[in-house]
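Novice: give me a 3D structure for the following:
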Amino acid sequence: METSTPSKNSRAIWLASICLLVGVLGFGAVPASAASGIFTRIFEMEGNAIDENDASLYKEGEDWQRTNNDIWVDLWNTYLPSATKPTGWDFDVPYSGKAAVRVFVPDYPGLPGFVGTIFDDNIFGAGCKDDLDLNTCKSETGNSPDKNQWTNGYAAFYNIEGLAAPVPVDGLPPGTLYHQNGDLVIVMGGDVHDGDGSSQVGGWLFRQQVPAELIVPGEDFPFSRSIGDILVTVDWSEGGRTATVRAYRWIGGDTTECPTPGVVLGTDDNLCKIFEGPNAVCTPEYNGLACAIANYAPTEEAPEGVGETPAPWPYIAKGDRSVDPANGIFTENFPETTLLEGILNLSAILRLNDETVGCFSDFMWETRSSGAPGETYNAKLKDYLLGDTELCGIDVDKSGGTLSKVGDLVSYNILVENTGIVRLYKQSITDTLLGDLTSTNGNCPGGDEDNLTEGESCVESNACGAYLEPDGTCAITAWRRVATGDPDPLPNTVTVVYDSDPGLQGDEVTSSNDHSVNLFQPAVEVVKGGDTLSKAGDDVTYSFTINNLSSDDAPNLLIDDTSGVTDTVLGNLTATAKANGCTSLAYGGSCSFNVVYTVQSGDPDPLDNTVSVLYHPDGFPNNITDEDSHSVNLFQPSVDVTKTGDTLSKVGDPVNYTITVTNDGSSDNPGLENGTITDTLLGNLLDGSNPYVTSSDCTGTLGPSGSCTIQATRTVQAGDPDPLPNTVTVHFDPTGSFDNDITDSDGHSVNLFQPGVDVTKTGDTLSKVGDPASYTITVNNTGSGDSPNLVNGTISDTLLGNLLDGSNPYVTSSTCSATLATGASCTIQATRTVQAGDPDPLPNTVTVHYNPDGFPNDISDSDGHSVNLFQPGVDVTKTGDTLSKVGDPASYTITVNNTGSGDSPNLVNGTISDTLLGNLLDGSNPYVTSSTCSAALATGASCTIQATRTVQAGDPDPLPNTVTVHYNPDGFPNDISDST
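Specialist: Numbers count the residues shown, from 1 in each chain. This is a model prediction of the structure:
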């Protein structure tokens, strides 16, 4: 057994390898013709599946080859896509017939779409009969007898249309019953595994949808039959040449449900026979209510039989060993009496019993054993197929605005369609938001939906009348204004209820369709940023970011073409915004752009401005706005540097400098950065290796109102200019994105004096032990005119000692003191007697030491003096006769030598006298016979005197005499003498 689920409008459902395709393709118009019966005009009921097998008899009707072709092709493509396609089968012809409902269900092991194993089939369990409720019957897994084994089942439903006039039903009194436009004609067919024997078949039309997916082999069927379900049976005899068609109504034991002239039958009075057509074998001209036919073998009595006939879809005949489904090899022909088909006008049969067709949902094919004589409703059931053949269907579609917001109008369009094949009568049309729309029409206030207030609705038009023909539609247009407090999304559901009976007492069909309106919340945000600190003449960069903060269901926001972005300082920025992607903003989208403004002199401080944006939701006129303000603090940057230090110095002295840098900008300045501090003399004062910097708390940054100090020292160099100028210069930028050069400088000058002192020492240059040596010492302050006085003076002499000591015995007079004014001089007179042991020459050095007033420098000078200490000396020798006598001349030689040191002055003032000979320098001395001596004798020189005296009587004997020489060193009073 194969099952299917409900479907409609060419819907395809593939469930657990169960294949069912139902196509609602329209309602076949059956053309009137006197040459053929009513059924022949619809379908070729001639015992084969080939379309237009006999063009002369069946040219107007369809056949199974046409109705089933596209269905089994879909099955093949699903289950055997790679198998070899059999020749002679058409895989490309779409359905072009007029069936309103079609179904094709394969049901044999090995066929595409079969549910189960290769060996088993789903069949009726033991004890299952048509006059018993299905919920007392089990579905089993197994195999039916070959003649009861369905291989495929199929059905097609048609509406009779296009008749010029009703066609009388054969076999009934004139005027009793007619085939007429709108009648439902059901064609059912199937092929079985083996045609050996008589196969009794039937089909159930169920009013309720059967939950086929819930059928479990080994368990009872999970549903009951419903009052009004229809059973159609075909009992075959004479090898398929004779058929009896019967129709039964399920009444479930309630005999009141069996209409006159129906006959109550079966167990527990569950069935009501409403039709029986004996000997109802289909012929081309047949106009009865129902007939059936099989592919029986032709005989003399029945030459119309077709016998074995081509199988235009996958089929497996008993005993065909060539079959290989996996490779697309199937039985080519239906053997005799394996193709079974029947047709009936269900509407006419029910009308005969004063009933309408109503709504049927599912169709069940079944095979059975032979039952009671003449009828088989109580026979044991064998194999079954289950397919979807929904007759009634109503569909409602609701469309309209899917996006709106509070206060806006929303339009709703409701389209109702009869998707079934019977006329349906309107019972109600209601909407959870719009109310009862069954008969409401044209009730908008003042005839215009614009007059609706929040929460009100109205129906502009309603074309849904009392009924809908098959495939008919009707439309309703309604409006509602969204109210504050409506849920978001705003859901509503329309529900339509139609009935198969004009009195609304038949089968109901219903459909609902919901619709949701996203109530978006449009919102835009503009964020304005930028520099918060600037000054006149500088550029301020403003940043603008526009964010779409709408709810995620909102349409895009579109910028207003005229006033999209405006700013109180910058003016209309709409064009700039558009150029930067701000024209359309999707949900969550944003755009950004910058605008540069140069601060003007006279701009207020702070400089405030406000930007406003104006957008519209796409498709909506609403104004969506936002604004943001920004303020720029306009500061006045400034820096001050002062430089102080020594103002007087000199070469070699350190000069101390103090440099103070102060951020004296306005109190709102951001601070200073990127600083440099350089000095024309001291260099880069921020260089950590600068040798002049002794201490510093300065860096490249300086906070608002901050200050820092640098201490530096430099020694004045020879060659430095006088005065010694230098200038310190500071450069800073305001902290942040400012490149302004904030600078200041300060100069300093050091007067470079030239301190000097000069001492000169003069005095005797020649002296000798015991003589006084006189000295004159003169001290001069030779410093430059700008030099300070000399103080802390000392004047000391290596020989004479501390010459400023008032008790110094050598100082005879002095004008000097410890201070000496610039340009002044002083003099010291001193005398010292040369001492024995004094070195020769006798040197001495006077040294003066002073400090410039206020300076520690040692200003000094010295001067040396040397006294040559000569050693004067004279030597006299006297030789002569050593033996004489009175009267004899005694000759004498007197030699005088100047034996003084080589630096001694000549000897002067000399005298040479002899105790016997007298003054030997007296030119009249009678004894002197010759002489080279005089009163002067050069250093190192000598002279000789020759003298003769006659010994006198009385002269002592021996006669002694002594010569004595006396000299003075030239220029000295000293007596230099010798005698012999």
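Novice: when you work out contacts or count neighbours from here on, use the C-alpha atoms and nothing else.
Specialist: OK.
Novice: which residue packs closest to residue 358, ignoring adjacent ones?
Specialist: Leaving out its chain neighbours, the residue that sits closest to residue 358 by CA to CA, 6 or more residues apart in numbering is residue 500, at 5.2 Å.
Novice: I figured the one you found was touching residue 508, is that so?
Specialist: Yes: using CA atoms under 8 Å, residue 500 makes contact with residue 508 at a distance of 6.5 Å.
Novice: okay, and the common contacts of these two?
Specialist: residue 359 (CA atoms under 8 Å, 6 or more residues apart in numbering).
Novice: for the stretch 551-700 of the chain, just list every one of the helices.
Specialist: Secondary structure of the stretch 551-700 of the chain (DSSP state H, counting those that start in this stretch): helices located at 574-579.
Novice: right, I mislabeled it, should have said the stretch 51-200 of the chain
Specialist: With DSSP H, counting those that start in this stretch as the criterion, the stretch 51-200 of the chain has helices spanning 55-58, 64-79.
Novice: switch those over to a markdown table; also include distance to residue 688, mean neighbour count and mean pLDDT.
Specialist: Shown next, in a markdown table, are these (distance: least, CA to CA, whole Å; neighbours: other CA atoms under 10 Å; pLDDT from 0 to 100):
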| stretch | distance to residue 688 | mean neighbour count | mean pLDDT |
| --- | --- | --- | --- |
| helix 55-58 | 116 | 16 | 53 |
| helix 64-79 | 87 | 20 | 85 |
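Novice: those helices: which one's closest to residue 907?
Specialist: With CA to CA as the measure, helix 64-79 is the member of these nearest residue 907 (162.9 Å).
Novice: ok, back up a step: the residue nearest to residue 358: what's it in contact with?
Specialist: Here residue 500 is in contact with 356-359, 392, 422-425, 506-509 (criterion: CA under 8 Å, 6+ apart).
Novice: for residue 752, same thing?
Specialist: By CA under 8 Å, 6+ apart, the contact list for residue 752 reads 648, 649, 650, 651, 721, 722, 723, 724.
Novice: for those, which one is nearest residue 383?
Specialist: Nearest to residue 383 among the contacts of residue 752 is residue 724, at 128.3 Å by CA to CA.
Novice: distance of the closest residue to residue 460 other than its chain neighbours relative to residue 453?
Specialist: With sequence-adjacent residues excluded and distances taken as CA to CA, 6+ apart, residue 460 is closest to residue 442, at 4.7 Å. The gap separating residue 442 from residue 453 is 17 Å, by CA to CA, to the nearest Å.
Novice: cool, and residue 163?
Specialist: Distance of residue 163 to residue 453, given as CA to CA: 53 Å.
Novice: touching, residue 765 and residue 844? I think so.
Specialist: No: at 11.4 Å, residue 765 does not count as touching residue 844 under the criterion of CA under 8 Å.
Novice: between those two, which contacts overlap?
Specialist: 865, 866.
Novice: where does the stretch 1-150 of the chain dip in pLDDT?
Specialist: Low-confidence segments of the stretch 1-150 of the chain (pLDDT under 70): 1-35, 52-59, 108-120.
Novice: go on, the chain?
Specialist: 1-35, 52-59, 108-120, 196-199, 370-374.
Novice: stretch 160-174: how far from the chain's middle?
Specialist: Distance, stretch centre to chain centre, for stretch 160-174: 78 Å (CA atoms, centre = their mean, to the nearest Å).
Novice: again, but for stretch 828-847
Specialist: That offset, for stretch 828-847, works out to 101 Å (CA atoms, centre = their mean).
Novice: quick one: the residue nearest to residue 200 when sequence neighbours are not counted and residue 756, what's the gap?
Specialist: Among residues not flanking residue 200 along the chain, residue 235 sits closest, at 5.0 Å (CA to CA, 6+ apart). Here the criterion is CA to CA. By it, residue 235 lies 157 Å from residue 756.
Novice: next one: residue 188
Specialist: 145 Å.
Novice: more neighbours, the two?
Specialist: residue 188 (24 against 21; other CA atoms under 10 Å).
Novice: beta partners of the more buried one?
Specialist: residue 155, residue 342 (DSSP bridges).
Novice: what helix or strand is residue 366 on?
Specialist: For residue 366, the element it lies in under DSSP states H and E is strand 362-368.
Novice: so how far is that strand from its chain's centroid?
Specialist: 65 Å.
Novice: just stretch 92-100 next, same as before
Specialist: Worked out by CA atoms, centre = their mean, stretch 92-100 lies 57 Å from the chain centre.
Novice: quick check: end-to-end length of it?
Specialist: OK, stretch 92-100 end separation, CA to CA: 21 Å.
Novice: buried stuff in it?
Specialist: 95, 97, 98, 99, 100 (16 or more other CA atoms under 10 Å).
Novice: residue contacts, the residue nearest to residue 200?
Specialist: 199, 200, 201, 243, 244, 245, 375, 376.
Novice: run a quick neighbour tally on the nearest residue to the fourth one once chain neighbours are set aside.
Specialist: By the measure of CA to CA, 6+ apart, the closest residue to residue 243 outside its immediate chain neighbours is residue 236, 4.7 Å from it. Taking other CA under 10 Å as the criterion, the count of residues near residue 236 is 25.
Novice: equivalent analysis for residue 567, please.
Specialist: That count, for residue 567 with other CA under 10 Å as the rule, works out to 17.
Novice: equivalent analysis for residue 246, please.
Specialist: The tally of other residues near residue 246 (other CA under 10 Å) stands at 24.
Novice: just grab the bridge partners of it for me.
Specialist: Under the criterion used here (DSSP bridges), residue 246 is bridged to residue 233, residue 276.
Novice: so what's it up against?
Specialist: 232, 233, 234, 273, 274, 275, 276, 277.
Novice: recalculate using a threshold of 6 Å.
Specialist: Residues near residue 246 by CA atoms under 6 Å, 6 or more residues apart in numbering: 232, 233, 275, 276.
Novice: looking at those residues, which is nearest residue 311?
Specialist: The closest of the contacts of residue 246, once distances to residue 311 are taken by CA to CA, is residue 233, at 24.2 Å.
Novice: surely that closest one and residue 202 touch.
Specialist: Yes: in terms of CA atoms under 6 Å, residue 233 counts as a neighbour of residue 202; the distance is 4.0 Å.
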